[in-house]
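> the sequence and its predicted three-dimensional model are supplied below.
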Amino acid sequence: MPMPTPTHRRKLWGTLAKVTVLVVVLVFVGRSVAGAGRQLATQRVRPHAGYLAASGAAYLLGLAPMAWFWRRALAGLGQPCRWRDVLPAYYLGHLGKYVPGKAMVVVLRTGAIHRAGGETAPVAASAVVETLTMMAVGAVVASLLLALLGAREVDLGWLAPLAVSLAVIAAAPTLPPVMRRLLPRLAPRSAASAAGITWKLIAAGWFAGLMTWLGMAASLWLAVRSLDDGVELSVEATMRCALAVTLPVVAGFLSLLPGGLLVRDGLMFALLKPLAGLAEPTALAATLLLRLTWVVSEAFACVMLTIGRKLAGVGSQTARS
């Protein structure tokens, strides 16, 4: 029986690592879906299917601007990539946030782009840049919204120190001089490409982040609307939904818990209750429903984009032949 060569062993270990990562992600995503589903079942609610589908679509479309920014960050770090490689990797990375520690987000995106020809260290650094920028924008938006809403409501005053602290913690690393010094520590082999982190690049990230958080706020409003048709679209409702999505998601991210479990849900529930006088069961149901909708939407996007990428690859090979 022939002995396996070093090349075969490397391929075997590589395949085993990919399978292990896939299993870990599926287990934690499955837990998140199952947990939200069980809690949602206890609320005995019947959401409107049309609004719920629109909520999922708004979430996926809302993430697209940050996918655009990540592609720019990849190019800035010397790793230009095609859209058909970037989009599946970007949405796949979002499933990694349900695994403890958040590192799986970087692992999944880096692995996908590496298979498309990217270098590991700069790709990992670009994923860090995108994630930190999105969290920074969310934290600053939450602080501004809280200042506007909290001025009229004493109940929101206790959140002000939290929002300001999160804004400072999240925004400081996105300043280009800080980011250029931070990246070599997070990804040691990315030092040579860190010069690509410019003010212009980060400004593009902040613009994309604003668009993404607005899309996520729209997703939340549609989820609430699916449960209570008395919630009308207004400036007030938009501000409350934006606050109820930015502050909890950023706090959940910094907690390092899988998917911000409990931290994100607890804050979102507390911030949703004042929205059009929502009853507590409705606010809780909307919180759980949004988590379930986002997980299912991310999984759906990954499957469809991966299939599309494979078909595009087959089509290119056929055309060359």
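On my side now, so go ahead.
> contact partners for the nearest residue to residue 253 once chain neighbours are set aside?
Nearest residue to residue 253, sequence neighbours excluded (Cβ to Cβ, 6 or more residues apart in numbering): residue 135, at 5.4 Å. Yep, even glycine has a C-beta here, placed from its N, CA and C like the rest. Residue 135 sits next to 170, 250, 253-254 when contact means Cβ atoms under 8 Å, 6 or more residues apart in numbering.
> could you count how many residues lie near the closest residue to residue 51 other than its chain neighbours?
Distances taken as Cβ to Cβ, 6+ apart put residue 226 closest to residue 51, at 3.6 Å, once the chain neighbours are dropped. Residue 226 is flanked by 25 other residues according to other Cβ atoms under 10 Å.
> so where's the protein uncertain?
Applying pLDDT under 70 to the chain flags residues 1-45, 100-102, 150-158, 186-193, 256-262, 276-277, 312-321.
> distance check, the residue positioned nearest the centre of it against residue 49.
Centroid-nearest residue in the chain: residue 94, 4.9 Å away (criterion: Cα atoms, centre = their mean). Per Cβ to Cβ, to the nearest Å, residue 94 is found 23 Å from residue 49.
> quick revisit: and of the contacts of residue 135, the nearest to residue 129?
residue 170 (13.0 Å; Cβ to Cβ).
> show me which residues of whatever helix or strand the closest one lives in are buried.
Taking DSSP states H and E as the criterion, residue 170 maps to helix 160-171. By neighbour count on 16 or more other Cβ atoms under 10 Å, the buried set for helix 160-171 is 162-164, 166-167, 170-171.
> which among those residues gets closest to residue 305?
residue 170 (28.0 Å).
> and the helices in the chain, which stretches?
Applying DSSP state H to the chain gives helices spanning 6-43, 49-76, 83-95, 103-115, 120-150, 160-171, 176-186, 199-225, 235-255, 263-272, 280-320.
> for the fourth one, give me every contacting residue.
Spelled out, it's helix 103-115. Helix 103-115 has contacts (Cβ under 8 Å, 6+ apart) with 18, 21, 24-25, 70, 74, 79, 81, 85-86, 88-90, 92-97, 118, 120, 123-124, 127-128, 131.
> and the gap between residue 243 and residue 219?
When residue 243 is compared with residue 219 (using Cβ to Cβ), they lie 14 Å apart.
> kindly report the same for residue 90.
17 Å.
> kindly report the same for residue 75.
Counting by Cβ to Cβ - residue 75 and residue 219 are separated by 28 Å.
> and if you look at residue 76?
With Cβ to Cβ as the criterion, residue 76 and residue 219 are 29 Å apart.
> ok, now residue 242?
For residue 242, the distance to residue 219 - Cβ to Cβ - is 11 Å.
> among these two, which residue is more densely surrounded?
Just comparing residue 242 and residue 219: by other Cβ under 10 Å the higher neighbour count belongs to residue 219, 26 against 23.
> ok, the more buried one - contacts?
Neighbour list for residue 219: 55-56, 58-59, 62, 245, 290, 293-294 [criterion: Cβ under 8 Å, 6+ apart].
> hmm, 10 Å instead?
By Cβ atoms under 10 Å, 6 or more residues apart in numbering, the contact list for residue 219 reads 54-63, 241, 245, 290, 293-294, 297.
> try residue 227
With Cβ under 10 Å, 6+ apart, residue 227 has these contacts: 43, 45-48, 51-52, 278-279, 281-283, 285-286, 289.
> over to residue 170?
Contact analysis of residue 170 by Cβ under 10 Å, 6+ apart lists 132-140, 142, 250, 253-254.
> cool, residue 231 as well?
Residue 231 neighbours (Cβ under 10 Å, 6+ apart): 221-222, 224-225, 237, 240-241, 275-278, 282, 286.
> ok, now residue 308?
Taking Cβ under 10 Å, 6+ apart, we find residue 308 in contact with 84, 87-88.
> any idea how far it is from residue 87?
9 Å.
> would you confirm that residue 172 contacts residue 178?
Yes - judged on Cβ atoms under 10 Å, residue 172 makes contact with residue 178 at a distance of 6.1 Å.
> for these two, list the residues in contact with both.
Common neighbours of residue 172 and residue 178 (Cβ under 10 Å, 6+ apart) are residue 132.
> quick check, residue 61 in contact with residue 218.
Yes - the pair formed by residue 61 and residue 218 meets the contact definition of Cβ under 10 Å, at 8.8 Å.
> those two: who's more crowded?
More crowded of residue 61 and residue 218, by other Cβ under 10 Å: residue 218, with 22 against 14.
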